[in-house]
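Chemist: heads up, no residue letters with this:
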Ligand SMILES: Nc1ncnc2c1ncn2[C@@H]1O[C@H](COP(=O)(O)OP(=O)(O)OP(=O)(O)O)[C@@H](O)[C@H]1O
């Protein structure tokens, strides 16, 4: 038994289910995610990975089962700023620049201590594009502008749906670096990916979606 098995989990799902038209999208799920852990959500196209992350983010109602946050039944108002979801839709305003998009996100969710838009955008590879309207960025640059939120906002749990999509080799390595430093500093993350995730921060948990 490891320390993570005995510590209070950040997030715990018990018989978690989601139904569409009275049909379960996936079999009931049980899992625990602790501070410092990465979980890979695995499954074929249509198996429910995005649905699961959207439920965990509070964007879809749970049909059955329970979710616990830091040992208590999950109350959205208590953990709102602690959970950050990045989905297929990047949630960027196309007419605004990466810097302006970050300002809006920080206004809603707060900022990590010591973080600033300029340094975050430089780290994410958008130096020189800080003030360009997002609609003029490439697909990979848009993805980076969305990922910049991970560095700026103070969330402890990252829910990342296909975070590697549209990224080049350097961008993929950057996402892995972000995941490693986040989990090294007590954060946790759940990630879906159809590619290979080469995470060097220890063996990730695996959450397998079954029909
Ligand atoms: N808005 C929607 N309305 C109705 N059904 C939906 C909707 N979104 C998804 N579904 C269905 O729910 C199921 C799960 O979809 P979901 O997007 O969660 O799968 P996924 O594992 O993320 O797939 P992928 O690997 O293709 O991204 C699929 O059968 C899909 O057709």
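Modeler: That came through, no problem. No experiment lies behind these values; they were computed from the predicted model shown. Numbers count the residues shown, from 1 in each chain.
Chemist: Identify the residues contacting stretch 69-80?
Modeler: Here stretch 69-80 makes contact (CB atoms under 8 Å, 6 or more residues apart in numbering) with 8, 9, 10, 11, 12, 58, 66, 67, 68, 82, 109. C-beta here means a position set from N, CA and C on the backbone, and glycine is covered the same way.
Chemist: cool, and stretch 146-154?
Modeler: So stretch 146-154 is in contact with 81-82, 84, 86, 90-92, 98, 102, 105-106, 109-113, 115, 117, 120-121, 123-124, 126, 158, 163, 174-175, 178, 182, going by CB under 8 Å, 6+ apart.
Chemist: 7 Å instead?
Modeler: 81, 84, 86, 90-92, 98, 102, 105-106, 109-112, 115, 117, 120-121, 123-124, 126, 158, 163, 175, 178 (CB atoms under 7 Å, 6 or more residues apart in numbering).
Chemist: do stretch 32-47 as well
Modeler: The contact list for stretch 32-47 (CB under 7 Å, 6+ apart) reads 4, 7, 9-12, 26, 31, 49, 52, 179, 183, 186, 188-193, 197, 199, 201, 204-209, 211.
Chemist: Helix, strand, or coil at residue 164?
Modeler: On the three-state scheme (DSSP: H, G, I helix; E, B strand; the rest coil), residue 164 is labelled coil.
Chemist: Against residue 209, how distant is it?
Modeler: Residue 164 is 18 Å from residue 209, where distance means CB to CB, to the nearest Å.
Chemist: Look up phi and psi at the residue nearest the centre of the chain.
Modeler: Closest residue to the average C-alpha location of the chain: residue 159 at 2.1 Å, with CA atoms, centre = their mean. Torsion angles at residue 159 (phi, psi; degrees, to the nearest 10) stand at phi -110, psi 110.
Chemist: any low-confidence regions in the protein?
Modeler: For the chain, the stretches flagged by pLDDT under 70 are 1-6, 195-196, 198-201, 211.
Chemist: who in it is up against the ligand?
Modeler: 20, 25, 43, 45, 46, 47, 48, 49, 50, 51 (CB under 6 Å from any ligand atom).
Chemist: What about the fifth one, how many residues nearby?
Modeler: Applying the criterion other CB atoms under 10 Å, we find 12 residues in the vicinity of residue 46.
Chemist: Helices along the chain, start to end?
Modeler: For the chain, applying DSSP state H gives helices covering 3-6, 49-56, 76-79, 98-109, 117-123, 139-152, 169-184.
Chemist: Reformat the ones you listed as TSV; add mean neighbour count.
Modeler: Below are these laid out as TSV (neighbours: other CB atoms under 10 Å):
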stretch	mean neighbour count
helix 3-6	10
helix 49-56	21
helix 76-79	12
helix 98-109	18
helix 117-123	18
helix 139-152	21
helix 169-184	16
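Chemist: between these, which gets nearest to residue 132?
Modeler: Nearest to residue 132 among the helices of the chain is helix 98-109; the distance by CB to CB comes to 7.4 Å.
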